[in-house]
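Chemist: starting from these lines, generate the structure:
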Amino acid sequence: MAIVIVLVLSTILQFSPNRVFALTEARADNTRVVAKPGDKVHFNIWLNYTASQPLSSITYSLEVRNLPIDWISHIWYQIQTPTTSMKQDIRGLTVSNYITYRKVEQLDLEIEVPNTAKPGHYSFWFLAVGKEIPNEAVILEFSIDVEELKRELKLSCLYPNLTVEREGTAKFTIVLSNTGETDELANLSAEAPEGWRVVFKGQTSSVFGVYIPKGQATELQVEVALPEGVAAGTYGIRVCANSSDQVANSTLQLKVAVVKAGSVERMVSTLYPEVSVEAGRTMYFPITIRNTAESSSTFHLSTISAPEGWTLSFRTEPSELLSVSSVFLEAGESATLYLEAAPPATVAIGTYEFTVKVTSEEGMSEYLTTKAQVTGSYEVTLDLETLYARARAGESSTISATVRNTGQTRLTNVTLEVSPPEGWQVIQTPNYIDILAPGERGTITLVIKPPKDAEVGDYMVGVKCISDRAKSTQLLLRVNVQSPSVTLWMIGILSIVVAAILIVAVYVKFARKS
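Modeler: From the prediction side, this is the model:
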C-alpha cells in the first residue's frame with residue numbers, strides 16, 4: 001500500500017522518480033545495459049538519508065518490481081568487519097545520518113537473465129521504502145535490452161576428396177566446430193547415392209549426434225561403404241549437422257572417385273600430385289595405398305628421391321606427431337597416409353619433386369612422384385636508429401632508418417610512409433630503393449623539420465616501410481621540440497639594440513643643429 005501511495009504522489013506532484021522526497025537520495029552509475037540470455041547483470045546503487053529530523057536514521061525495505069516472473073534478482077551489500085569482508089543478499093537496510101556515522105550506502109543490484117529469455121526491452125524498478133516514515137521512499141527505474149545469442153555450427157574437412165577402387169570404403173576425417181555462444185546438441189545426417197552406406201564414428205563407436213560446448217570442436221570419422229558393383233565415376237556425399245531446434249546448421253560436400261576394378265590396378269595413388277605453397281610452409285600429400293591382391297599383406301613405404309635439405313615422413317594424419325613406415329591391409333582394403341614434406345629454412349622459389357616407393361610383402365613395388373611448387377613469401381622489417389629525437393622549432397633533425405627484406409622473394413619500390421603532425425616537413429633520401437634482395441638491407445635518411453611556430457613539447461611521428469608486395473609494422477618516433485636556438489635570439493636582440501643606437505644618434509645630431 002505504501003508503494004502505491006508513493007507512486008501516486010510522485011505522479012501528482014510530478015517529482016522525479018529517482019527522488020520522490022527530499023530526505024532520501026539515490027543514484028545509479030548506469031540504468032540501461034545490454035545482455036544476452038544466461039548473463040548476470042549488475043547495477044551499482046548509492047543510497048543516502050540526508051535528514052537528522054524527525055529521525056537521525058531510517059530503515060528501508062528494499063525490493064525489485066516489474067521483473068519478469070522467471071528472472072532472479074539479488075541486492076548485495078558488502079559487510080565489513082575488522083576481520084572479514086563478505087557480501088550478503090539483503091531486503092532491508094538501515095541508513096544513519098548521525099554526525100559520526102554519516103555514510104552513503106552502496107548496493108549491488110544483480111539481475112540473472114534466464115537462458116529462456118526472449119530478445120527485447122525489459123524495464124523494472126528498484127524501490128527503497130522507509131519503515132518508520134512510509135512516505136520516505138525512492139524509486140529507480142532500470143532496463144535491460146536482451147539480444148539474441150549467436151548460434152553457429154561449422155563442418156570442415158582437410159581432404160574432402162578421396163579415391164577408392166573396387167568395393168572398398170572411403171574414410172574421411174571431419175571437424176565439427178561450435179563457433180556460437182551457446183552449447184549445442186548437433187544431430188548428424190548424410191545424403192549419399194542409393195545403396196551407399198554412411199556411418200559417423202567417434203573415438204570408439206558409431207554416433208548420430210554429438211554434444212559440443214560453445215567455442216569448442218570435435219573430430220569425427222565418416223566411413224562411406226560402396227555397394228557391390230558400383231560403376232566407376234565421381235560421386236558426391238552431403239554431410240549435415242543440425243542443432244536440435246534446427247536454428248544452427250552446417251553442411252559439407254565430400255567426393256569419392258571410384259575407379260573401375262581391373263582398369264587401373266595400382267597399389268599407390270594420390271589425389272593431389274602437385275601442390276603450391278609459400279616458401280617456408282610444410283606441405284602434405286594424401287597418398288592412398290590399396291591391397292589389390294586376393295590376400296592380406298603388409299606394405300612398406302620409403303622415399304627414393306628428395307631435394308637437398310627437405311625432410312620427408314609418412315603420417316596417418318597431418319597433425320599426427322608419430323610417423324609410420326608400413327601399413328597392414330586386408331584383401332581389397334585401402335588406407336590413406338600423408339606424405340609430409342618440410343622445406344629447409346632457406347628454400348628457394350621453384351618446383352621440387354619427391355619420389356615415394358611402396359613395396360608389398362610379396363615383393364611387388366610401385367613408385368609415385370609428387371611435385372611442390374614453392375612460391376614467394378614477402379616480408380619487410382623496419383628499424384630506426386632511435387625512437388626518441390630532439391629538434392628545434394624551424395630547424396631540421398636527421399634520423400636514419402634501416403629496412404630489411406626478411407622474405408624469400410625480392411622486393412621493389414621500397415620506401416617509407418611517414419605520418420608527421422600537421423605543418424611538419426619530412427624529406428627522405430633516397431625516395432625509393434628500387435630493388436631489395438632477400439636478406440638484403442637498405443638505409444633511408446629522414447630529415448624532419450617542425451614549423452617555426454611549433455610549441456615546445458613531445459610529438460609522435462609514425463614511420464612505416466612499404467613496398468610493392470609487403471609492408472612493415474608502424475614504429476612511433478617521439479620528437480621533443482625545443483625552443484629556437486640562442487643564436488637566433490641573440491641576433492634578434494642585437495638587431496634591436498643597433499636600431500636603438502642609430503635612432504639615438506640621429507636624434508642627438510639633429511638636436512645639436514637646432
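Chemist: please make it C-alpha for all contacts and neighbour counts, starting now.
Modeler: OK.
Chemist: give me every residue that touches the residue lying closest to Glu223 once chain neighbours are set aside.
Modeler: Among residues not flanking Glu223 along the chain, Lys171 sits closest, at 4.6 Å (Cα to Cα, 6 or more residues apart in numbering). Going by Cα atoms under 8 Å, 6 or more residues apart in numbering, Lys171 touches Gln221, Val222, Glu223, Val224.
Chemist: now do the helix or strand where the third one lies: which elements does it pack against?
Modeler: Right, the one you point to is Glu223. Assigned by DSSP states H and E, Glu223 falls within strand 217-225. Counting contacts by 3 or more Cα pairs under 8 Å, 6 or more residues apart in numbering; DSSP states H and E, strand 217-225 packs against strand 169-178, strand 197-201.
Chemist: now the helix or strand just after it - C-alpha only, CSV.
Modeler: Using DSSP H and E, the helix or strand that follows strand 217-225 in sequence is strand 233-243. Provided in CSV are the C-alpha atoms of strand 233-243 (Å, rounded to 0.1, in the frame of the first residue of the first chain):
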residue,chain,number,x,y,z
GLY,A,233,33.0,-42.3,-61.6
THR,A,234,32.9,-39.4,-59.2
TYR,A,235,30.1,-39.4,-56.5
GLY,A,236,29.0,-36.6,-54.1
ILE,A,237,28.1,-37.1,-50.5
ARG,A,238,26.5,-34.3,-48.4
VAL,A,239,27.1,-34.4,-44.7
CYS,A,240,24.9,-32.3,-42.4
ALA,A,241,25.0,-31.2,-38.8
ASN,A,242,21.8,-29.6,-37.3
SER,A,243,21.0,-28.3,-33.8
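Chemist: give the buried residues for strand 233-243.
Modeler: Within strand 233-243, the residues that count as buried by 16 or more other Cα atoms under 10 Å are Ile237, Val239, Cys240, Ala241, Asn242, Ser243.
Chemist: helices along the chain, start to end?
Modeler: Taking DSSP state H as the criterion, the chain contains helices spanning 2-12, 486-513.
Chemist: which one of these has the lowest average pLDDT?
Modeler: Mean pLDDT values for the helices of the chain show the minimum at helix 2-12, a mean of 42.
Chemist: circling back to that earlier point, for the strand holding Glu223, C-alpha coordinates in CSV please.
Modeler: What follows is strand 217-225 as a C-alpha-only set of coordinates in CSV (Å, rounded to 0.1, in the frame of the first residue of the first chain):
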residue,chain,number,x,y,z
ALA,A,217,35.3,-28.5,-31.7
THR,A,218,35.2,-32.3,-32.1
GLU,A,219,36.8,-34.7,-34.6
LEU,A,220,34.7,-37.4,-36.3
GLN,A,221,35.3,-40.2,-38.8
VAL,A,222,32.9,-40.6,-41.7
GLU,A,223,33.1,-44.1,-43.3
VAL,A,224,31.4,-44.5,-46.7
ALA,A,225,30.9,-48.1,-47.8
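Chemist: of the contacts of Lys171, buried ones?
Modeler: If you count burial by 16+ other Cα under 10 Å, the buried members of the contacts of Lys171 come out as Gln221, Val222, Glu223, Val224.
Chemist: and the least confident of the buried residues of strand 233-243?
Modeler: The lowest pLDDT within these belongs to Ser243, with 88.
Chemist: wait, doesn't it sit right on Thr182?
Modeler: No - checked against Cα atoms under 8 Å, the pair Ser243 and Thr182 is beyond contact range at 10.9 Å.
Chemist: looking at the contacts of Lys171, which is nearest Gln425?
Modeler: Taking Cα to Cα as the measure, Gln425 sits nearest to Gln221 out of the contacts of Lys171, at 63.4 Å.
Chemist: which residue packs closest to Ala454, ignoring adjacent ones?
Modeler: With sequence-adjacent residues excluded and distances taken as Cα to Cα, 6+ apart, Ala454 is closest to Ala393, at 5.6 Å.
Chemist: ok, now Ser189?
Modeler: That would be Cys240: by Cα to Cα, 6+ apart, it lies 5.2 Å from Ser189.
Chemist: that neighbour and Val222, how far apart?
Modeler: Distance of Cys240 to Val222, computed by Cα to Cα, to the nearest Å: 12 Å.
Chemist: over to Thr31?
Modeler: Shown here: Thr31 relative to Val222, a distance of 52 Å by Cα to Cα.
Chemist: could you check the angle strand 169-178 makes with the strand holding Glu223?
Modeler: Counting by axes from the mean of the first three to the mean of the last three Cα atoms, to 10 degrees, strand 217-225 lies at 160 degrees to strand 169-178.
Chemist: hmm, Ser177 is touching Arg151, no?
Modeler: No - taking contacts as Cα under 8 Å, Ser177 lies outside contact range of Arg151: 11.2 Å.
Chemist: neighbour-wise, which of the two wins?
Modeler: Each of Ser177 and Arg151 has its neighbours counted (other Cα atoms under 10 Å); Ser177 has more, 20 against 17.
Chemist: which pLDDT value belongs to that one?
Modeler: 93.
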